[in-house]
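Asks: quick one, fold the following:
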Amino acid sequence: MQTQITQEILASSEGREADAILRNCVHCGFCTATCPTYLVLGNELDGPRGRIYQIKQLLEGSAPSDRVRQHLDACLLCRACETTCPSGVEYHRLMEIGRAHLSAQHPRPLSDRTLRWLLRKILPRRNLFAALLGMGRLLRPLLPTELARQLEPRTSARKMREAHSRHRRTMLILDGCVQPALAPGINRATAHVLDRLGISLLSTQQAGCCGAVEHHLDDTRASRDAARRNIDVWWPELQNGAEALVITASGCGQTIKEYGRLLADDPAYAEKAAQLAAATRDIAEILSNEDLTPLQTTTDKRPSIAFHTPCTLQHGQALNGVVEQILTRLGYTLTQVSEPHLCCGSAGTYSILNPKLADELGRRKSAALMQDKPELVATANIGCLSHLAGHLPDGVPVVHWIEVVADQIGNV
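Replies: Predicted structure coming up:
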């Protein structure tokens, strides 16, 4: 693609990066066929190719507008288009640069800025979110059914084991910001499963949000600060022999694996960020490289599972099929799921900022997951789990897949 980006923008590193990304695009349109918002809306401007043209025009000096913002904001940043693209276009980076440029040149309305500010202040703060969630659960009888189902308490009797006292092998685990309140059993289940494999987990609660919330709400400075804070917490443990940083929310894993790029121009943190990113593993990556014999059971009562692969797992981290292979190795039956590449509509804060589109995608994903009538639905990201809970039929639970494995092997 030929470009004529303004000299002022080309003078910046992000402007030159955007120019290189644009020049890789060959207009083929393969991305359009796998874009969730294009499939729902049927508008070229709401597909990757159309958004690329709009960003190109902005960087070439075209006047910003609310109409352009509407099309860019409708993007889920699911990266399905990147998986499809034969030219390796880094669409998500172009979107980040384009949105930042648009916000600088054409500020959002006050109401929009206020909502985004509230999300940035509430979601990454574990204790504040938990308190507000508790209040919301008290009001569940008064809420719409879909929202009430997302707020349903999920508990577990499992306890995190002491990390260094049980096994020689040790790994860190990200506690997260919303996950401890929404689904505390996920990390407990992870500790239980890894304990069976001879690995102890070290919970580092001093670490906070991975920075994904701020990053996707256009607050790059706050996301970089979050990365530095977490590196300060995790780095000593990695230096002391922890093998990896284990992530049970694929959205967080995608973000932490990009710390190296996020802090590439920070001389104090660039090298640490790159090494931490290289040591970060989704729990599926850990299990896929382990002998799973200690997890095998003789029970014949395994539920049939429809597995939803989050976009951050299959497109962002290129781990498509890894969880399915693990579950198959352990004897589970996986049902067929149509359109497995499509986003469920959660996409971080997208379901809050774009509820109409998010709900449409949630209903479409629910229908695809239920086509073979599974006994339960499993996924690998807390956002997807919560969003799907509001759209699946009554009586069909949605859980993190590691909870299924933990429940099967029982307590020790």
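
Asks: quick one: buried residues of stretch 259-274?
Replies: Neighbour counts over stretch 259-274 (16 or more other CB atoms under 10 Å) mark Y259, G260, L262, L263, Y269, A270, K272, A273 as buried. C-beta coordinates here come from the backbone N, C-alpha and C atoms, glycine included.

Asks: check these and tell me the two furthest apart.
Replies: Maximum pairwise distance among the buried residues of stretch 259-274 (CB to CB): 12.0 Å, between L262 and K272.

Asks: need phi/psi at the closest residue to R302 other than its chain neighbours.
Replies: Counting by CB to CB, 6 or more residues apart in numbering, R302 lies nearest to Y332, which is 5.2 Å off, once chain neighbours are set aside. Main-chain dihedrals, Y332, degrees, to the nearest 10: phi -80, psi 150.

Asks: quick check: Y332 vs H400, distance?
Replies: 14 Å (CB to CB, to the nearest Å).

Asks: the two: which has the busier surroundings?
Replies: Per other CB atoms under 10 Å, whichever of Y332 and H400 has more neighbours is H400, with 26 against 19.

Asks: check contacts around that one.
Replies: H400 makes contact with A183, G185, I186, A189, T248, A378, T379, A380, I382, L385, according to CB atoms under 8 Å, 6 or more residues apart in numbering.

Asks: what is the nearest of these to H92?
Replies: Distances from H92 to the contacts of H400, taken by CB to CB, are shortest for A380, at 19.1 Å.

Asks: before we move on, back to that, neighbour-wise, give me the winner out of the contacts of H400.
Replies: Highest neighbour count within the contacts of H400: A380, with 30 neighbours (other CB under 10 Å).

Asks: that residue reaches T309, doesn't it?
Replies: Yes - taking contacts as CB atoms under 8 Å, A380 lies within contact range of T309: 7.0 Å.

Asks: quick one: common contacting residues for those two?
Replies: V323.

Asks: next one: P355 from R228, what distance?
Replies: Distance, P355 to R228, by CB to CB: 33 Å.

Asks: of those two, which one has the most company?
Replies: Per other CB under 10 Å, whichever of P355 and R228 has more neighbours is R228, with 18 against 13.

Asks: now do the host helix or strand of the more buried one: everything it contacts.
Replies: Assigned by DSSP states H and E, R228 belongs to helix 220-239. Contacting residues not belonging to helix 220-239 are listed as 100, 120, 124, 172, 202, 204, 206-212, 214-215, 245, 255-256, 259, 262-263, 266, 269, 272-273, 275-276, 279 [CB under 8 Å, 6+ apart].

Asks: stretch 269-285 now?
Replies: 190, 227-228, 231, 234-235, 238, 243-248, 250, 253, 256-260, 262-264, 266, 313, 317, 319, 322-323, 326, 380, 402.

Asks: cool, and stretch 350-357?
Replies: With contact meaning CB under 8 Å, 6+ apart, stretch 350-357 is reached by 37, 40-41, 73-74, 76, 115-116, 119, 345, 358-359, 362, 383, 387.

Asks: most neighbours of all those, which one?
Replies: Among these, G345 has the most neighbours (other CB under 10 Å), with 30 neighbours.

Asks: tell me the spatial nearest neighbour of that one, not counting adjacent residues.
Replies: By the measure of CB to CB, 6+ apart, the closest residue to G345 outside its immediate chain neighbours is L361, 3.2 Å from it.

Asks: which positions within the one helix or strand the one you found maps to qualify as buried?
Replies: Secondary structure from DSSP H and E places L361 in helix 355-369. For helix 355-369, the neighbour count (16+ other CB under 10 Å) marks L357, A358, D359, E360, L361, G362, R363, R364, K365, S366, A368, L369 as buried.

Asks: same deal with stretch 175-182?
Replies: Quick answer for stretch 175-182 (16+ other CB under 10 Å): D175, G176, C177, V178, Q179, P180, A181, L182.

Asks: swap in stretch 9-23?
Replies: For stretch 9-23, a neighbour-count test (16+ other CB under 10 Å) marks I9, G15, A18, D19, I21, L22 as buried.
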